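Peer 1: give me a model of this one.
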Amino acid sequence: SQEEHVAIVDALQKRDVRAAVRLLESHLGNVERNLRLSPRVADLATVLIALDGAIVLRQGLAERIVTADAFYQDDGRQDRGPTELISRIVIPKPRPDATFRAFKVAKRHDLAPATVTAAFHFIIDRGHISMARIAYGGLGPAPRRALATQPAIGSAEPSHARIEAALAAVRPALVRLTVV
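Peer 2: Here you go, the predicted structure:
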């Protein structure tokens, strides 16, 4: 969180290395916990998928890299062995012409938490969308890219008709969760 970052910077400015290390360890633990949470509540997962991120897993000295798409599996499990630890998150540096936005909507109904996350990563070149990565979380057992939506957006000039086509393409993929 931003508060964690401010606290870390404050400790560093005061030259309090012990406090800075303690705060950094706590912050990294929070990030790792968010990645390991049930994919339905892992807000960071949707962002990583849209940004084409990867997760580096370590078991002893061995490391392997798993794309965020593959890490969060359809049945809600993670592509991670019981003794593997998340050692790093890799996020490609965005191009200067890239646009990225992420949203989280939370609504409580009958004491059941309902959170939906959406992340959008576009490259618009001379008024045309040349690349689109769209991901949604909280709509099924795992966050997923909206693969059917991306071709509907196409490489044409953004317009109301294109947005309607994209919405029509994504609707069948959206699964509504119910809590029993």
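
Peer 1: residue 133 and residue 52 touch, don't they?
Peer 2: Yes: using CB atoms under 8 Å, residue 133 is in contact with residue 52, at 6.3 Å. Just so you know, the C-beta spots here come from the backbone N, C-alpha and C atoms, and that holds for glycine as well.

Peer 1: can you list residues touching both of these two?
Peer 2: Common neighbours of residue 133 and residue 52 (criterion: CB atoms under 8 Å, 6 or more residues apart in numbering): residue 121.

Peer 1: pLDDT weak spots in the chain?
Peer 2: Applying pLDDT under 70 to the chain flags the ranges 1, 32-42, 75-76, 107-114, 154-158, 171-180.

Peer 1: quick check: longest helix of it.
Peer 2: Assignment by DSSP state H gives helix 17-36 as the longest helix of the chain.

Peer 1: OK, contacts around residue 125?
Peer 2: Counted by CB under 8 Å, 6+ apart, residue 125 has contacts residue 97.

Peer 1: now do the helices in this structure.
Peer 2: Using DSSP H, the helices found in the chain span residues 2-13, 17-36, 43-50, 68-71, 149-153, 160-170.

Peer 1: redo those as TSV? Include mean neighbour count.
Peer 2: What follows is the helices of the chain, written out as TSV (neighbours: other CB atoms under 10 Å):
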stretch	mean neighbour count
helix 2-13	13
helix 17-36	13
helix 43-50	24
helix 68-71	21
helix 149-153	17
helix 160-170	14
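
Peer 1: out of those, flag the one nearest residue 100.
Peer 2: Smallest distance to residue 100 across the helices of the chain (CB to CB): 7.2 Å, for helix 43-50.

Peer 1: buried sites along the lengthiest strand in the chain?
Peer 2: The longest strand of the chain (DSSP state E) is strand 112-125. Burial within strand 112-125, assessed by neighbour count using 16 or more other CB atoms under 10 Å, is assigned to 114, 116-123.

Peer 1: export those as TSV, with columns for distance to residue 48.
Peer 2: Below are those laid out as TSV (distance: CB to CB, whole Å):
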residue	distance to residue 48
114	21
116	16
117	11
118	13
119	8
120	14
121	11
122	17
123	18
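
Peer 1: out of the residues you listed, who's nearest residue 43?
Peer 2: Lowest distance from residue 43 to the buried residues of strand 112-125 (CB to CB) belongs to residue 117, with 5.3 Å.
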